[in-house]
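**Q** Have a look; sequence and predicted model below, questions after that.
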Amino acid sequence: MNNMVSGFRDFIMRGNVIDLAVAVVIGAAFGAVVTALVENLINPLIAAIGGQPDLSSVATFTINNAQFSIGAVLNAAINFLIIAAAVYFVLVMPVNRLMEMRKRKEVAEVAATPEDIALLQEIRDLLKARGGAV
């Protein structure tokens, strides 16, 4: 029993679990922001253009007393595309840019000439400037 509790504690204390928990909380908060954006900006824009506040009541049909709503699926697809675009432009692109800058810096540091070689090159250039044979 003690090994099980110890193993569970080790599992919870791993960085991945904590990162995942933070991601879920941030994702839920971000979803609320996107929902507010859709309900308060996108849907009124759709209502101004198409006359309906959202698409859920636009394309519906009934078969044997079962109501099908293509508009609700379209609303969900629009919400998904907005969330995906926001995540890409707000999170993915900046992180990719930072990672690329970090890689360039690492490559520049690796490509830098070691101090002893730079010193030898300087001595060679000075000897060459004096007219000595190199």
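**A** Perfect, I can see it now.

**Q** how is the chain carved up into domains?
**A** According to automatic domain parsing, the chain comprises the domains 1-52, 55-134.

**Q** From the opening residue of the first one to its closing one, how far?
**A** If I follow you right, that is domain 1-52. Distance between the two ends of domain 1-52: 60 Å, counting by C-alpha to C-alpha, to the nearest Å.

**Q** What is the biggest helix by length in the chain packed up against?
**A** What stands out as the longest helix in the chain, according to DSSP state H, is helix 15-37. With contacts taken as 3 or more C-beta pairs under 8 Å, 6 or more residues apart in numbering; DSSP states H and E, helix 15-37 sits against helix 70-87. C-betas here are computed from N, CA, C, even on glycine.

**Q** which parts of the helix it packs on are buried?
**A** By neighbour count on 16 or more other C-beta atoms under 10 Å, the buried set for helix 70-87 is 71-72, 75, 78-79, 82-83.

**Q** What lies in contact with stretch 46-55?
**A** Contact with stretch 46-55 is made by 43-44, 58, 71-72, 74-75, 78, as judged by C-beta atoms under 8 Å, 6 or more residues apart in numbering.

**Q** Just checking the distance from it to the centre of its chain.
**A** When C-alpha coordinates are averaged (C-alpha atoms, centre = their mean, to the nearest Å), stretch 46-55 and its chain have centres 31 Å apart.

**Q** cool, and stretch 40-47?
**A** 26 Å.

**Q** could I get it in CSV with only the CA atoms?
**A** The C-alpha trace of stretch 40-47 is given here as CSV (Å, rounded to 0.1, in the frame of the first residue of the first chain):
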residue,chain,number,x,y,z
ASN,A,40,-21.1,38.8,-28.5
LEU,A,41,-19.3,39.6,-31.8
ILE,A,42,-19.5,36.9,-34.4
ASN,A,43,-23.2,35.9,-33.9
PRO,A,44,-24.4,39.5,-34.0
LEU,A,45,-22.4,40.0,-37.1
ILE,A,46,-24.0,37.0,-38.7
ALA,A,47,-27.4,38.3,-37.5
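
**Q** Cool, thanks, talk later.
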